[in-house]
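> Provide a 3D model corresponding to the input given below.
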Amino acid sequence: CGWADGFVQCNAPLSGNSRDVRHHLQKHHRVYTTGKHRTTCRWLGCSQTLQRENLLRHIITCHLQIEVRCPDCGRRLARSDVRVKHALRCPKRRGIATSTLKTSKDA
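Alright, predicted model coming up:
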């Protein structure tokens, strides 16, 4: 964990699992990740202002840099929730050869 309380960085190991990160933030830093109130990320070196409900996603994506890949095509995706949406239209999962797909250049 890179959360800084004052000038002291936490340094506790985090799994990258959203439930574990949320629990750690609440228990050790009294940071809650629900609601639309604006808050500032206090991860060391970061001062981004965002809604509390987006803080957890911000930490996992930007600071923990958890890599998510499609198990079917191997494409790197930004977050696990994007993987779910991608799975609905993944060409390999649907059995479509990627060479037959039109790209934005072809259209």
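> hmm, who's touching the helix or strand containing residue 22?
Element membership for residue 22 (DSSP states H and E) is helix 18-29. For helix 18-29, contacts defined as CB atoms under 8 Å, 6 or more residues apart in numbering pick out 1, 3, 5, 10, 12, 14-15, 31-33, 55-57, 59-60, 64. For glycine as for every other residue, the C-beta is placed from the backbone atoms N, C-alpha and C.
> Give the buried residues for that helix.
By 16 or more other CB atoms under 10 Å, the buried positions in helix 18-29 come out as 18, 21-22, 24-25.
> any idea how far that helix is from the chain center?
Relative to the centre of its chain, helix 18-29 is centred 15 Å away, using CA atoms, centre = their mean, to the nearest Å.
> returning to what we had before: ok, of the contacts of helix 18-29, which come out buried?
Buried among those by 16+ other CB under 10 Å: 1, 3, 10, 14, 31, 33, 55-57, 59-60, 64.
> Which stretches in the chain count as strands?
Per DSSP state E, the chain carries strands over the ranges 4-5, 8-9, 38-40, 49-51, 68-69, 76-77.
> Can you list the strands that the first one pairs with?
This points to strand 4-5. strand 8-9 (antiparallel) (DSSP bridges).
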